[in-house]
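Enquirer: return a 3D structure for these sequence lines:
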Amino acid sequence: MFSRHHRKVKLLFAIADLVFVCTAFFGAYQSRHWLPLEREFYLTPPVLAVLLGAAAMLWPGSGYWLEVYDRLDSAHPRVILRDSLRQTLAGLIGIVLVQYMLRLDLSRVFIGLLGVYSWILLCLFRLNAGMLVGWIRSRFGVEQHVLLVGTGHRARALANLLEQSAPYGIRLVGLLAPGPEPPPALDYPVYSLDRLPDLLENHVVDEVIFAVESTKLRELEDVLLLCDEDGVRTRVAVDFFPHVNSEVYLERLSRVPLLTFAAAPHDEIRLLAKRTTDVVLAAAALVLVSPAMILIAAAIRLTSPGPAVFRQIRCGLNGRRFTFYKFRSMVANAEQMKESIRHLNAKSVAFKVPNDPRLTGIGRYLRRFSIDEWPQLWNVLKGDMSLVGPRPAVPEEVEMYKRWHRRRLRMRPGLTCLWALEGRDHLDFESWMRKDMEYIDNWSLGLDWKIMLRTIPRVLSGKGAH
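Expert: From the prediction side, this is the model:
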């Protein structure tokens, strides 16, 4: 279906979740109230309102965070049951956290019933959601009749996608052959391009989609103008470069339209939310660990000569240079010793030496538990780095990158990243790069939180760090 239809379906699921969790909340409350248990359970109106409001935000919020709504309309029943359970558990964890923050004494039976009731209601709705969405679309929506210009393989593939979207009210009127050559045998009505004025006049046509080669678009300018004069919405399939993974969208510079290909996240609202999260969490973390950082700095100075904080130039967003901070875990002249141990390097591009002889006694423990990275919280506050993102590289490593490696520079570097969860220093350099590309291509605020939460036990275990 079109992305705008998908957004409507996601909103429908979120609204439904809100209704169902409120229903489950009151059902659980009444069930617990009437159960013949020894202890009575009663919520005052203010507390009830706070808990109900929290549940109404937690369930849809966890649905967006876990990306449950992205696959509900076409998911396998097993996936629906699993995702509904994950969302319910996330909501219950939120309710328990609210209970502890407000120092409430909630009934465990009530919390359990809330989870069971909400999971059952969500599953019942979602297992029948496909039919329900189609029914709502047919009863309350307007069908979209689409004409497709083109008969090549790209047009035929697009026609199949339109046919698959029929449950959402999309109807393929037919295909228009843009050239004089006879079109291949197709399962759809095929008209000559000169029939377009007649089709627009005598048939219901809501949209015209152009799926032709880029070289033919110039020849179809009159057809585009005809659709524009008739007030018909037109779309142009711009998959001219099949190997380009960038997101395509239209931008304007004053009145000049610009077709934009974005190879990295570009949504300014979500990126602002990411930056806000970085600032809030980094500031809170610095306040929390600052006493320990003072002690660590003193221990470094007392156990080996040299500064407590190591400074180095690294490459940040789009190659911007910045000063990178970390606790010194090596001897003071480690950079001068680099060439003498280069033969021990275990990576093809990055410089990583297992059991590096330059490490100090205390430095080995700082490295193992990533304590040496704590000063980078200041880099996060300054805006040089983010909490989550590809690790920042030194300029000489970037000069050795292959062309496809450089795309990792299009995301602000981070304290932790996806490959840090998959083996840290045990992974080879190419695996690092592929994991960074996977992060960039699938980035979301929810993914950032997943990586941060999974990083904590990984760091505490000390596994995979050299």
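
Enquirer: okay, now Ile294: neighbour count?
Expert: By other CB atoms under 10 Å, 11 other residues sit near Ile294. To be clear about C-beta, it is placed using only N, CA and C from the backbone, and glycine gets the same treatment.

Enquirer: can you check Ala298 too?
Expert: So Ala298, with other CB under 10 Å, has 11 neighbours.

Enquirer: could you do Ile120 as well?
Expert: Ile120 is flanked by 15 other residues according to other CB under 10 Å.

Enquirer: please name every helix or strand in contact with whatever helix or strand it lives in.
Expert: Assigned by DSSP states H and E, Ile120 belongs to helix 108-127. Contact partners of helix 108-127 among helices and strands, from 3 or more CB pairs under 8 Å, 6 or more residues apart in numbering; DSSP states H and E: helix 3-34, helix 77-102.

Enquirer: to Tyr191, which of these lies closest?
Expert: helix 3-34 (25.8 Å; CB to CB).

Enquirer: and the helix holding Ile120, which residues are buried?
Expert: Within helix 108-127, the residues that count as buried by 16 or more other CB atoms under 10 Å are 110-111, 113-115, 117-119, 121-123, 125-126.

Enquirer: mind putting the residues you listed in CSV, distance to Gly319 and pLDDT included?
Expert: Shown next, in CSV, are these (distance: CB to CB, whole Å; pLDDT from 0 to 100):
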residue, distance to Gly319, pLDDT
Phe110, 55, 91
Ile111, 50, 91
Leu113, 55, 93
Leu114, 50, 93
Gly115, 49, 93
Tyr117, 53, 94
Ser118, 48, 94
Trp119, 48, 93
Leu121, 51, 93
Leu122, 46, 90
Cys123, 49, 90
Phe125, 48, 86
Arg126, 45, 83
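
Enquirer: can I take it that Val173 is in a helix?
Expert: No: counting by DSSP: H, G, I helix; E, B strand; the rest coil, Val173 is located in no helix; its state is strand.

Enquirer: is it in contact with Leu147, as I believe?
Expert: Yes: the pair Val173 and Leu147 passes the contact test of CB atoms under 8 Å, sitting 5.0 Å apart.

Enquirer: between those two, which one's more packed in?
Expert: Neighbours were counted for Val173 and for Leu147 using other CB under 10 Å; Leu147 has more, 25 against 20.

Enquirer: got a list of contacts for the strand or helix carrying that one?
Expert: According to DSSP H and E, Leu147 maps onto strand 144-149. With contact meaning CB atoms under 8 Å, 6 or more residues apart in numbering, strand 144-149 is reached by 155, 158-159, 162, 169-176, 178, 188, 193, 196, 199, 203-212, 220, 223.

Enquirer: same thing but 6 Å
Expert: By CB atoms under 6 Å, 6 or more residues apart in numbering, the residues outside strand 144-149 that reach it are 155, 159, 162, 169-173, 175-176, 178, 204-210.

Enquirer: go on, stretch 222-241?
Expert: Applying CB under 6 Å, 6+ apart, the set of residues contacting stretch 222-241 is 200, 205, 207-211, 214, 248.

Enquirer: how far does stretch 100-107 sit from its chain's centre?
Expert: Computed by CA atoms, centre = their mean, to the nearest Å, the separation of stretch 100-107 from the middle of its chain amounts to 33 Å.

Enquirer: pull out the buried positions in that stretch.
Expert: Within stretch 100-107, the residues scored as buried using 16+ other CB under 10 Å are 106-107.

Enquirer: for it, what is the average pLDDT?
Expert: Taken as a whole, stretch 100-107 has a mean pLDDT of 86.

Enquirer: for that stretch, output the C-alpha coordinates as CSV.
Expert: What follows is stretch 100-107 as a C-alpha-only set of coordinates in CSV (Å, rounded to 0.1, in the frame of the first residue of the first chain):
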residue,chain,number,x,y,z
TYR,A,100,7.7,2.6,42.3
MET,A,101,8.2,6.2,41.3
LEU,A,102,4.9,7.2,42.9
ARG,A,103,5.3,4.7,45.8
LEU,A,104,2.0,3.0,45.2
ASP,A,105,1.0,-0.3,46.6
LEU,A,106,-0.7,-2.0,43.6
SER,A,107,-2.2,-5.4,43.7
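
Enquirer: what sits up against it?
Expert: So stretch 100-107 is contacted by 32, 41, 99 (CB under 6 Å, 6+ apart).

Enquirer: out of those residues, who's nearest Met330?
Expert: Looking across these and measuring by CB to CB, the closest to Met330 is Gln99, at 46.7 Å.

Enquirer: quick one: the strands in the protein, in order.
Expert: Under the criterion DSSP state E, the chain carries strands at the ranges 144-149, 170-177, 190-192, 207-210, 233-236, 247-253, 256-262, 309-315, 321-327, 386-388, 414-416.

Enquirer: now the ones you listed in a markdown table, please, with extra columns for distance to Thr303 and mean pLDDT.
Expert: Listed next are the strands of the chain as a markdown table, based on distance: least, CB to CB, whole Å; pLDDT from 0 to 100:
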| stretch | distance to Thr303 | mean pLDDT |
| --- | --- | --- |
| strand 144-149 | 71 | 87 |
| strand 170-177 | 69 | 86 |
| strand 190-192 | 80 | 87 |
| strand 207-210 | 69 | 88 |
| strand 233-236 | 65 | 84 |
| strand 247-253 | 50 | 73 |
| strand 256-262 | 48 | 76 |
| strand 309-315 | 15 | 93 |
| strand 321-327 | 12 | 94 |
| strand 386-388 | 29 | 95 |
| strand 414-416 | 25 | 93 |
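
Enquirer: what's around the nearest residue to Gly115 once chain neighbours are set aside, how many residues?
Expert: Closest residue in space to Gly115, ignoring its immediate chain neighbours: Leu92 at 4.9 Å, by CB to CB, 6 or more residues apart in numbering. Burial of Leu92 is recorded as 20 neighbouring residues (other CB under 10 Å).

Enquirer: next one, pLDDT for Leu92 please.
Expert: Per the predicted model, pLDDT is 93 at Leu92.

Enquirer: so it versus Leu418, what's the distance?
Expert: 27 Å (CB to CB, to the nearest Å).

Enquirer: same thing with Ala28?
Expert: Using CB to CB, one gets 38 Å for the distance from Ala28 to Leu418.

Enquirer: could the strands of the chain go into TSV alongside distance to Trp65?
Expert: Shown next, in TSV, are these (distance: least, CB to CB, whole Å):
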stretch	distance to Trp65
strand 144-149	31
strand 170-177	30
strand 190-192	46
strand 207-210	34
strand 233-236	31
strand 247-253	21
strand 256-262	23
strand 309-315	31
strand 321-327	30
strand 386-388	14
strand 414-416	18
